[in-house]
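**Student:** Could you look at this predicted model? Sequence included:
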Amino acid sequence: MTVSPNDLILVAALKAPRDLEIARVLGWYRIPLRTAPKVIAVDYLAFYQTAAFGEEKWRIQYVAPVRGHELTIRGELLHEQVNDPRAQEEYFKIQLGPLEKLPQPILAPSWRRITFFYTTGEYMLHAETVNQLVVESEERQVLWRALRERASRTGNYAAADDLDIDLDPQILSALLGIRELEESYEPDGSEE
């Protein structure tokens, strides 16, 4: 695996096997603008496979380097859905490099409601479970600063250079997308 310890990684849910095929064959992943995470200028996407993957559900077994992104509409991404009521909704199209299969999948021992959360290459290289990808509370400020700096460099985020405040841990968890991950979920037969 080519992930390095300092890489910024966005864990993103794959709702259907078709989405994995799009990433593998066409080299992109879509994120609705209205639900997009705060920063998409990351080094890698790690794909969390939902219940739709059957025997390979509730795990991360693929990562892909991020090559760039653009804003487009759903109808441009999914040509067969040009008449869909959501065809004009805005989406980020994340351009990807080749998918890399992890040597061992990172498992979620029980169902987790995951949409997006951030982690680092260091955590990815050592994790055996999805919970082990959650950045420890004392390191969350460092991760948030790295994400802000990256977004600022790419022109996606305007942050004051001298802004150095300590964020409330609950706010920081929400910004990093890890609030839901820390909660315990039981399977209820449905999954987003």
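**Tutor:** Yes, it's here. Residues are numbered from 1 along each chain as shown.
**Student:** what's the distance between the closest residue to A36 other than its chain neighbours and Y29?
**Tutor:** Of all residues not flanking A36 in the chain, F92 sits nearest, at 5.7 Å (C-beta to C-beta, 6 or more residues apart in numbering). Backbone N, C-alpha and C define where each C-beta goes, glycine included. In this view, F92 and Y29 are 9 Å apart by C-beta to C-beta, to the nearest Å.
**Student:** Same question for L125.
**Tutor:** Remark: distance between L125 and Y29 (C-beta to C-beta) = 22 Å.
**Student:** Pick out whichever of these two has more residues nearby.
**Tutor:** Shown here are L125 and Y29; by other C-beta atoms under 10 Å, Y29 has more neighbours (25 against 13).
**Student:** CA atoms only for the helix or strand that contains the more buried one - export them in CSV, please.
**Tutor:** Assigned by DSSP states H and E, Y29 belongs to strand 28-32. In CSV, the C-alpha atoms belonging to strand 28-32 read as follows (Å, rounded to 0.1, in the frame of the first residue of the first chain):
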residue,chain,number,x,y,z
TRP,A,28,-14.2,8.9,-9.8
TYR,A,29,-16.4,9.1,-6.7
ARG,A,30,-19.3,11.5,-6.3
ILE,A,31,-20.3,13.5,-3.2
PRO,A,32,-23.5,15.6,-3.1
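**Student:** What pairs with it, parallel or antiparallel?
**Tutor:** Looking at strand 28-32 with DSSP bridges, its partner strands are strand 90-96 (antiparallel).
**Student:** Show residues contacting the partner strand.
**Tutor:** 23, 27-34, 36, 40, 45, 64-74, 77 (C-beta atoms under 8 Å, 6 or more residues apart in numbering).
**Student:** Would you mark the buried spots in it?
**Tutor:** By neighbour count on 16 or more other C-beta atoms under 10 Å, the buried set for strand 90-96 is Y91, F92, K93, I94, L96.
**Student:** and if you look at stretch 15-29?
**Tutor:** K15, D19, L20, I22, A23, W28, Y29.
**Student:** Filter those down to the ones in strands?
**Tutor:** Taking DSSP state E, the ones among the buried residues of stretch 15-29 that sit in strands are W28, Y29.
**Student:** With respect to R112, which of the buried residues of stretch 15-29 is nearest?
**Tutor:** K15 (13.9 Å; C-beta to C-beta).
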